[in-house]
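# based on what follows, work out the 3D shape:
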Amino acid sequence: MKTIAEIRNDFPILNAKVRGKELVYLDNGATAQKPAMVIDAINTYYKDYNSNIHRGVHHLSQVATTAYEEAREKLRGFINAPKLEEVIFTEGTTESINIVASCFGRNSLNKGDEVIISAMEHHSNIVPWQMICDEREAVLKVIPINNKGELLMDEYKKLLSDKTKLVAVIHISNTLGTINPVKEIIDLAHQNGALVLLDGAQAVPHVKVDVQDLGCDFYAFSGHKMFGPTGVGILYGKSEYLNDMPPYQGGGDMIKEVTFEKTTYNCLPHKFEAGTPNIVGGIGLGVAVDYMQEVGVDLIHNREEELLAYATEKLIKLEGVRIIGEAEHKAGVLSFVIEGAHPFDVGTLLDQLGVAVRTGHHCTQPLMDIFKIPGTIRASFAFYNTKKEVDKLISGLERALSMLR
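Numbers count the residues shown, from 1 in each chain. A predicted model of the protein is given here:
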């Protein structure tokens, strides 16, 4: 088992200075930092075997293809997908959700059908459903939340009906940190004949995800939040539904045969992977999985729970603090407002001290409207953070408040 010092040494950027101060990086919900082995894998690809994948008979193409498809297998195992062809490389969570909204929607949504999302969704799990519902004349419904940031499950049950075709909900809220009861959500949806998509962008980096145990029909996540490269992610989907869906884009690699009269589409997963993919991103994401497994997902989860508890205890002692999101089951996100201080001003002053947090609506504007606030200050933790860094956050907040009040 790695010590915290060993873990921090694996991430070169954690030794950086910001405005002459030691970096305290607490913006992991936006993007996580990358271990050296991921950075090295990216450099090695471009230095030693840069080539396009699939169909190439020459050596470099075969090496690159093998590395890319080995990464797909690593990701299949990481989320325990039953079939390799059910793991589709995408640009990230946003594209993964858009694929399902567009392709499932065009194929399965008709006038009067219903899609259910929740009040705590990221914009990327709201807007695609609005777009396809408008196009197909379907109805979008929203699961409400309580003032602690928890889904009102009794209200969810009332929304379900034989008109419900799909439920799309976030596994862990990027703003509130709420861990939603996704297994119950899935079971109830399936009892009503509806499919379920989970936005797992904030879950996969922090908790063990087993898509077979969950029973979801689609699962979407991004590489850059799980210590891998930007611009790459995964859509998991049950093959029975992916096979029924039309392709998302036309182009190379998603076809078997093309004539001017007709095109025959390729088999899964290639049907949804048109064009040259983010090859190095996929390979780097596979290495990020290696790293997470080397450290241990349980260790990651336990460390972040400990940091969240410590930071919450310290934060609530500050005068005028209101935590947004006090669910009983939370991940390592601490979102808050401070009376008399605008989040942007607080974030700017923290930056002067080398402390990186996120301020704003976090792409959850409808959620901000529910809480009647313009935005929050959000500290989001990763397993490489420390209690000493939490203390620097708190002392920075105290200093900022003394200047703003």
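# which residues are in contact with Ala36?
10-12 (Cβ atoms under 8 Å, 6 or more residues apart in numbering). (Glycine included, C-beta is placed from N, CA and C.)
# tell me how many other residues surround His190.
Neighbour count for His190, taken as other Cβ atoms under 10 Å: 15.
# relative to Leu299, how far out is Gln293?
Gln293 is 11 Å from Leu299, where distance means Cβ to Cβ, to the nearest Å.
# which of the contacts of Ala36 are buried?
Neighbour-count burial (16 or more other Cβ atoms under 10 Å) is assigned, among the contacts of Ala36, to 10-11.
# now, among the contacts of Ala36, which is nearest to Leu26?
Relative to Leu26, the closest of the contacts of Ala36 is Phe11; by Cβ to Cβ it sits at 13.9 Å.
# which ones are touching that closest one?
If you count contacts by Cβ under 8 Å, 6+ apart, then Phe11 has 33-36, 384 around it.
# and with 6 Å instead?
For Phe11, the contact set (Cβ atoms under 6 Å, 6 or more residues apart in numbering) comprises 33, 35, 384.
# which of those tops the neighbour count?
Highest neighbour count within the contacts of Phe11: Pro35, with 25 neighbours (other Cβ under 10 Å).
# nearest residue to Ala30 other than its sequence neighbours?
Of all residues not flanking Ala30 in the chain, Arg358 sits nearest, at 5.4 Å (Cβ to Cβ, 6 or more residues apart in numbering).
# distance of the one you found from Asp345?
Going from Arg358 to Asp345 by Cβ to Cβ gives 14 Å.
# ok, those two, which is more surrounded?
When Arg358 is set against Asp345 and neighbours are counted by other Cβ under 10 Å, the residue ahead is Arg358, at 22 against 15.
# the more buried one bridge partners, please.
Beta-bridge partners for Arg358, by DSSP bridges, are Arg378.
# I'd like the numbering to begin with 408 instead of 1 from here.
From this message on, residue numbering opens at 408, which makes the last subject Arg765.
# buried residues in stretch 428-446?
Per 16+ other Cβ under 10 Å, stretch 428-446 contains these buried residues: 430-436, 439-442, 445-446.
# now the contacts of Phe418 in JSON lines, please, with extra columns for distance to Asp620 and secondary structure.
Output for those, formatted as JSON lines (distance: Cβ to Cβ, whole Å; DSSP: H, G, I helix; E, B strand; the rest coil):
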{"residue": "Gln440", "distance to Asp620": "29", "secondary structure": "coil"}
{"residue": "Pro442", "distance to Asp620": "27", "secondary structure": "coil"}
{"residue": "Tyr791", "distance to Asp620": "27", "secondary structure": "coil"}
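# as CSV, those residues with distance to His677 and pLDDT would be great.
As requested, the contacts of Phe418 are exported to CSV (distance: Cβ to Cβ, whole Å; pLDDT from 0 to 100):
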residue, distance to His677, pLDDT
Gln440, 32, 98
Pro442, 30, 98
Tyr791, 36, 98
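# can you show me the strands along the stretch 608-757 of the chain?
625-629, 640-644, 662-665, 670-672, 728-730, 740-745 (DSSP state E, counting those that start in this stretch).
# would you reformat the ones you listed as TSV and include mean neighbour count and mean pLDDT?
Below are the strands of the stretch 608-757 of the chain laid out as TSV (neighbours: other Cβ atoms under 10 Å; pLDDT from 0 to 100):
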stretch	mean neighbour count	mean pLDDT
strand 625-629	28	98
strand 640-644	29	98
strand 662-665	12	73
strand 670-672	13	76
strand 728-730	16	95
strand 740-745	24	96
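# out of the buried residues of stretch 428-446, which sit inside helices?
Using DSSP state H, the members of the buried residues of stretch 428-446 that fall in helices are 445-446.
# from the buried residues of stretch 428-446, which is closest to Leu675?
Using Cβ to Cβ, these come closest to Leu675 at Val445, 27.0 Å.
# for Asp752, which non-adjacent residue is closest in space?
Leu811 (5.9 Å).
# cool, Ile506 as well?
Tyr655 (4.7 Å).
# pLDDT score for that neighbour?
pLDDT, Tyr655: 89.
# same deal with Glu712?
pLDDT, Glu712: 97.
# now it: how far from Glu735?
From Glu712 to Glu735 the distance is 13 Å (Cβ to Cβ).
# the two - which one has more neighbours?
Glu712 (16 against 8).
# show me what contacts Gly761?
By Cβ under 6 Å, 6+ apart, the neighbours of Gly761 are 425, 428-431.
# among those residues, which lie within strands?
425, 428-429, 431 (DSSP state E).
# thinking again about what came up before, the residue nearest to Ala437 and Asn435 touch, don't they?
No - between Arg765 and Asn435 there is no contact under Cβ atoms under 6 Å: 9.4 Å.
# Ser629 versus Gln772, what's the distance?
Taken as Cβ to Cβ, the span from Gln772 to Ser629 is 20 Å.
# list residues touching both of Gln700 and Leu706?
Overlap between the contact sets of Gln700 and Leu706, as judged by Cβ under 6 Å, 6+ apart, is nil.
# tell me the SS of Leu547?
strand (DSSP: H, G, I helix; E, B strand; the rest coil).
# which residue is nearest the middle of this structure?
Centroid-nearest residue in the chain: Ala608, 1.0 Å away (criterion: Cα atoms, centre = their mean).
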